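J.: Model the following, please.
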Amino acid sequence: MEIFGVPTQALFGQLLIGLINGSFYALLSLGLAVIFGLLNIINFTHGAQYMMGAFCAYFLATKLGIGYWWALAIAPLAVGLVGMVIERLMLARLYKLDHLYGLLLTFGLALIIQGLFRNEYGTSGIPYAMPQELSGGRNLGFMFLPNYRAWVIVASIVMCLATWFVIEKTRLGSYLRAATENPALVQAFGINVPRMITLTYGFGVALAAFAGVMAAPIYQVNPLMGADLIIVVFAVVVIGGMGSIMGSIVTGFALGLIEGLTKVFYPEASNTVIFIIMAIVLMIKPAGLFGTQR
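T.: Just a heads-up that it's a prediction; the model follows:
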């Protein structure tokens, strides 16, 4: 059976790959949006922190014998704590300066972190086993759906929606947004704003590490895995709107699907289609599809 001259299995296979890529685009751009929207920091270290999540899971498995499910909880906490230390020691000194200083600092940190891991482990991928419970897959008739890839999509959607709900619909989220707009007023109500900022940055970093752990069994553990992805993720954030939580989620999944369809109908443009869309969006709506002028 064919759709528009393309075999059904090939079409749905590429859509599945697009959804998986979109899951990681959404999670990573969500972490960037949380950090930028609430802290006004352009966090270029995000790709390196995504990679650190994958390596943390690998270390837990090889050094301590800790499996995937515990790694999925421990790695984001560990990398998030490292992020909180970075925020307190370095980024906190730049909040009153132009955004460019934060971008340059985080870009430099990303290069240092990636360089250290690359010197130690090279650039070839290191295999990381998926959990035995999610091995195999299901034959849906029109395509074969691997269980692990289905888990990645579902877990990403749940994590993204839970983050959106906390930030947009809870009292904690309202405190975070208020601290961004008027930290002195929020401080007057007895809320420790610096601690809140540090925890927010740590949470954004933890999202990147969570995505890294889920990506490890699919893409292998590689010191450059974040560098290959971060430019695309920044494009996703720009298209969705800098700081827009829902914009990052919707745009991440949508662009993953568009990229997958492009690989089917016009493979030559699959590596550039996201950047073409970004250029068009910036010309029509510079603040992004879901963003507002700051």
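
J.: my guess is residue 237 meets residue 31, correct?
T.: No: Residue 237 is beyond contact range of residue 31, at 9.8 Å (criterion: CB atoms under 8 Å). Bear in mind the C-beta positions are built from the backbone N, C-alpha and C, glycine included.

J.: helices or strands up against the single longest helix found in the chain?
T.: As assigned by DSSP state H, the longest helix anywhere in the chain is helix 8-39. Where contact means 3 or more CB pairs under 8 Å, 6 or more residues apart in numbering; DSSP states H and E, helix 8-39 is packed against helix 46-63, helix 147-169, helix 171-181, helix 193-219, helix 227-240, helix 245-265.

J.: then the last one to CSV, C-alphas only?
T.: Just to be clear, that refers to helix 245-265. The C-alpha coordinates for helix 245-265 follow below in CSV (Å, rounded to 0.1, in the frame of the first residue of the first chain):
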residue,chain,number,x,y,z
ILE,A,245,6.7,26.9,27.6
MET,A,246,3.8,25.7,25.5
GLY,A,247,5.5,27.1,22.4
SER,A,248,8.6,24.9,23.0
ILE,A,249,6.5,21.7,23.5
VAL,A,250,4.2,22.2,20.5
THR,A,251,7.0,23.4,18.2
GLY,A,252,9.4,20.6,19.3
PHE,A,253,7.0,17.8,18.4
ALA,A,254,5.7,19.5,15.3
LEU,A,255,9.2,20.2,13.8
GLY,A,256,10.2,16.6,14.6
LEU,A,257,7.3,15.4,12.5
ILE,A,258,8.0,17.9,9.7
GLU,A,259,11.6,16.8,9.6
GLY,A,260,10.5,13.2,9.3
LEU,A,261,8.1,13.9,6.5
THR,A,262,10.8,15.9,4.7
LYS,A,263,13.0,12.9,4.8
VAL,A,264,10.3,10.9,2.9
PHE,A,265,9.3,13.5,0.3
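
J.: by how many degrees do that helix and helix 227-240 diverge?
T.: In terms of direction (axes from the mean of the first three to the mean of the last three CA atoms, to 10 degrees), helix 245-265 departs from helix 227-240 by 120 degrees.

J.: Count residues in the vicinity of residue 267, would you?
T.: Residue 267 has 10 neighbours, counted by other CB atoms under 10 Å.

J.: Look up how far residue 75 lies from it.
T.: 34 Å (CB to CB, to the nearest Å).

J.: so who does the closest residue to residue 278 other than its chain neighbours touch?
T.: Spatial nearest neighbour of residue 278, excluding adjacent residues (CB to CB, 6 or more residues apart in numbering): residue 235 at 4.6 Å. Contacts for residue 235 (CB atoms under 8 Å, 6 or more residues apart in numbering) come out as 255, 274-275, 278.

J.: Ranking by neighbours, what's the top pick from the residues you listed?
T.: That'd be residue 255 among these, by other CB under 10 Å, with 26 neighbours.

J.: That one contacts residue 278, doesn't it?
T.: No: Residue 255 is beyond contact range of residue 278, at 9.2 Å (criterion: CB under 8 Å).

J.: Residues that sit against both of those two, list them.
T.: The contact lists of residue 255 and residue 278 share 235, 239, where a contact means CB under 8 Å, 6+ apart.

J.: The residue nearest to residue 168 when sequence neighbours are not counted: how many residues sit nearby?
T.: In this structure, residue 168 finds its nearest non-sequential neighbour in residue 245, 6.5 Å apart by CB to CB, 6+ apart. Residues near residue 245, counting by other CB under 10 Å, number 24.

J.: Same question for the one 5 residues further on.
T.: Each residue near residue 250 was counted by other CB under 10 Å, and the total is 18.
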